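1. Take this sequence and fold it.
(one chain, ligands or ions: 1)
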Amino acid sequence: MVILILNMPNTLPQTLTSLLDWEQLWQHTQQKRGGMAVWRLPKSDKRYFLVDSTGGEKLGSLDLETFPAGFLVAPFIGLPYFLKAETLLEESIVQEEVVGSSLLKPLHNVEENEEKHQHFTHWVSESINEIQSGHFQKVVLSRTDEVEFPGDFSTLKAFGQLCQAYPNAFVCALYIPELGSTWLCATPETLVEQNAQGIFRTIALAGTQSAIDPLGEIILPQNARWSQKEIEEQAYVCRYIIECFKKIRLREYQEIGPKTILAGNLLHLKTEFTVDTQALNFSQLPGILLSLLHPTSAVCGTPKEEAIAWIAKAEKHARELYSGYLGPVNLGDEIHLFVNLRTVKVDQSEGKCRATYFAGCGITEDSDPEKEWQETVMKCQTLQRVLEN
Ligand SMILES: C=C(O[C@@H]1C=C(C(=O)O)C=C[C@H]1O)C(=O)O
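-> Got it, this is the predicted structure:
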């Protein structure tokens, strides 16, 4: 086990610094109204625990290259929060191999709420009408699924289970006192990444199908078949990213894909874009592109402003941190920001725990409302399969 302590806040009792029990540190920080994030990067065997005893601050600008080491969290619409790395723990984790069958456990406690179903499919149909009338080309509609459990919920246990189940995802647990709830995610979508060598990376991720065939067998990415609807839906995201590059006259980028990837219980289409920022002498690129890219057509739509207005009209819930972005910045000269998908908000009070899962899907002219509803069911299950078993 490797432990790295950048700077322990002096409010932390001595017993904790010696114990370094993450569960206790989580509870202690929450009681003291500190902000914190625990995460594991995709395919990594290290987990991190960052504490900001001030609770974090709301930012006005995104000059990423001027930020100290910390953790950035932004809602779908609105200003981001920054947690500075006042305390940072690093620990190696043993990654047990997760076999496909463990994703197939039957679910309990998942009620299909008929009112939600009706509301969602109604607004998918309305969206298709708007697209056919030429008001926009694509919109991403989302919904929530609420589940109540009796008893306590251990955020860190859930975090550990998600790390085991989804080795390719960015897994994160987050608490910001001003927001009040705990958030957990296991997301497949990188928004902005930069490594220590200055290689910038973003992806266009869209198009969804189950990774499990009707016989319960895993569909390998190389055997996936995609319809025109999904190919077009993902192409909107690629075009959107290239439009952002054009706005800053960025021509020197590499594009690879689309390729099929496995993300938990689902398959998606992914195109990867990379830029060598050192060769271009363009160190501000990640911050500039972050403000241009978010929210991309993968979680919002095309054109962006029309899609935002339509989402505000069609969705009953506030998206809050769902479909925003989050991740560590400027730790070891690296930036890793991900779109907050496959995410759940957890609120605990009086011995009860309420989980709100969020999931959405891209609607185009060729969408089928019932299939889009099923897609949101599968996306909610990514977390439900692990947390409710
Ligand atoms: C909106 C979500 O996912 C996004 C939408 C996708 C789609 O429409 O097929 C696929 C991957 C993500 O970019 C979500 O998981 O809630």
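2. What segments of this protein are helices?
-> 14-19, 22-31, 114-132, 155-165, 228-247, 277-280, 285-293, 304-314, 369-387 (DSSP state H).
3. Dump these to CSV, plus distance to residue 147 and mean pLDDT.
-> Where you see a C-beta, it was placed from the backbone N, CA and C, and this is true even at glycine. Shown next, in CSV, are the helices of the chain (distance: least, C-beta to C-beta, whole Å; pLDDT from 0 to 100):
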stretch, distance to residue 147, mean pLDDT
helix 14-19, 32, 47
helix 22-31, 22, 94
helix 114-132, 13, 96
helix 155-165, 13, 95
helix 228-247, 29, 98
helix 277-280, 43, 98
helix 285-293, 32, 97
helix 304-314, 23, 98
helix 369-387, 7, 95
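4. okay, those in a markdown table with mean neighbour count and distance to the ligand next?
-> A markdown table is the format used below for the helices of the chain (neighbours: other C-beta atoms under 10 Å; distance: least, C-beta to the nearest ligand atom, whole Å):
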| stretch | mean neighbour count | distance to the ligand |
| --- | --- | --- |
| helix 14-19 | 11 | 36 |
| helix 22-31 | 17 | 26 |
| helix 114-132 | 16 | 12 |
| helix 155-165 | 20 | 15 |
| helix 228-247 | 18 | 6 |
| helix 277-280 | 14 | 24 |
| helix 285-293 | 20 | 13 |
| helix 304-314 | 16 | 11 |
| helix 369-387 | 20 | 4 |
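5. Output the ones you listed as JSON lines; include the columns distance to residue 66.
-> Shown next, in JSON lines, are the helices of the chain (distance: least, C-beta to C-beta, whole Å):
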{"stretch": "helix 14-19", "distance to residue 66": "30"}
{"stretch": "helix 22-31", "distance to residue 66": "26"}
{"stretch": "helix 114-132", "distance to residue 66": "40"}
{"stretch": "helix 155-165", "distance to residue 66": "30"}
{"stretch": "helix 228-247", "distance to residue 66": "21"}
{"stretch": "helix 277-280", "distance to residue 66": "15"}
{"stretch": "helix 285-293", "distance to residue 66": "8"}
{"stretch": "helix 304-314", "distance to residue 66": "26"}
{"stretch": "helix 369-387", "distance to residue 66": "35"}
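6. Next one: residue 174 relative to residue 68, how far apart?
-> Distance from residue 174 to residue 68, counting by C-beta to C-beta, to the nearest Å: 18 Å.
7. of those two, who's got more company?
-> Comparing residue 174 with residue 68 by other C-beta atoms under 10 Å, the one with more neighbours is residue 174, at 28 against 11.
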